[in-house]
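Asker: Quick one, what's the 3D model for this:
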Amino acid sequence: MQDSRSRLVAGVVLAALAVGAGGCARMQDPAQAGFFSGTANLVDGTYDRRIAEREAALASTQATSRQLQAELASSRAEAAMLSQQEASLQQRLYALDTQNAVLRQQIAAARQQATVDQASLRRLDAQLGDLERRRTVLQAGSTVDPSVQAEIAQLEREIGEIGRAIDDIMAAGQVVE
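Answerer: Got it, this is the predicted structure:
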């Protein structure tokens, strides 16, 4: 009798599970699933799959986060390097200003001498004016551009040449400062 009663209870439970699981839509979200959906989800591994999917999504998000942090660190290092280059090139441009001023003073002093080649001084003065205009254009632009760096180096060479030419003119005219 006990055995038949146990079979009856087991049959009712199985029938209830079958009706509950098959008779209505099963909810996969544990917060919304009722007893029957929850039991079915536990049995067929739905909850385990949801956990595995969420853990995979978390791992992917963490990997993306690490990659973005590495890119950010790299970008910051590059920005610091560019800032340092910018400061160095600005110093070179300011040094050009100082050299230009010295050359202008030398030209002015040489013009005072009657024995100096005035035509050559006018030519050097015009070259110096051209250098100053080119320097002003460079100052307005981005000094981290490689073409700007090359132009600054060219200006430095040309200023050196003008300085040597002024020295030669003054020596030829026997001008002593």
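Asker: tell me the centre residue of this protein?
Answerer: By Cα atoms, centre = their mean, the chain has its centre lying nearest to Ser75, at 3.9 Å.
Asker: tell me the SS of Gln69?
Answerer: Under the three-state scheme (DSSP: H, G, I helix; E, B strand; the rest coil), Gln69 adopts helix.
Asker: What's the local residue count around it?
Answerer: If you count neighbours by other Cβ atoms under 10 Å, Gln69 ends up with 10. Yep, even glycine has a C-beta here, placed from its N, CA and C like the rest.
Asker: Could I have the CA atoms of whichever strand or helix holds Leu138 written out in PDB?
Answerer: Leu138 is located in helix 118-140, with elements delineated by DSSP states H and E. Coordinates of the C-alpha atoms in helix 118-140 are reproduced here as PDB (Å, rounded to 0.1, in the frame of the first residue of the first chain):
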ATOM      1  CA  GLN A 118      77.300  97.900 -49.000                       C
ATOM      2  CA  ALA A 119      75.700  95.900 -51.800                       C
ATOM      3  CA  SER A 120      76.700  92.700 -50.100                       C
ATOM      4  CA  LEU A 121      75.300  94.000 -46.800                       C
ATOM      5  CA  ARG A 122      72.000  94.800 -48.500                       C
ATOM      6  CA  ARG A 123      71.900  91.300 -50.000                       C
ATOM      7  CA  LEU A 124      72.600  89.700 -46.500                       C
ATOM      8  CA  ASP A 125      70.100  92.000 -44.900                       C
ATOM      9  CA  ALA A 126      67.400  90.800 -47.400                       C
ATOM     10  CA  GLN A 127      68.400  87.200 -46.800                       C
ATOM     11  CA  LEU A 128      68.100  87.800 -43.000                       C
ATOM     12  CA  GLY A 129      64.600  89.300 -43.500                       C
ATOM     13  CA  ASP A 130      63.600  86.200 -45.500                       C
ATOM     14  CA  LEU A 131      64.800  84.000 -42.700                       C
ATOM     15  CA  GLU A 132      62.900  85.900 -40.200                       C
ATOM     16  CA  ARG A 133      59.700  85.600 -42.300                       C
ATOM     17  CA  ARG A 134      60.200  81.800 -42.600                       C
ATOM     18  CA  ARG A 135      60.800  81.600 -38.900                       C
ATOM     19  CA  THR A 136      57.600  83.400 -38.200                       C
ATOM     20  CA  VAL A 137      55.700  80.900 -40.400                       C
ATOM     21  CA  LEU A 138      57.300  78.000 -38.500                       C
ATOM     22  CA  GLN A 139      56.400  79.500 -35.200                       C
ATOM     23  CA  ALA A 140      52.700  79.600 -36.200                       C
END
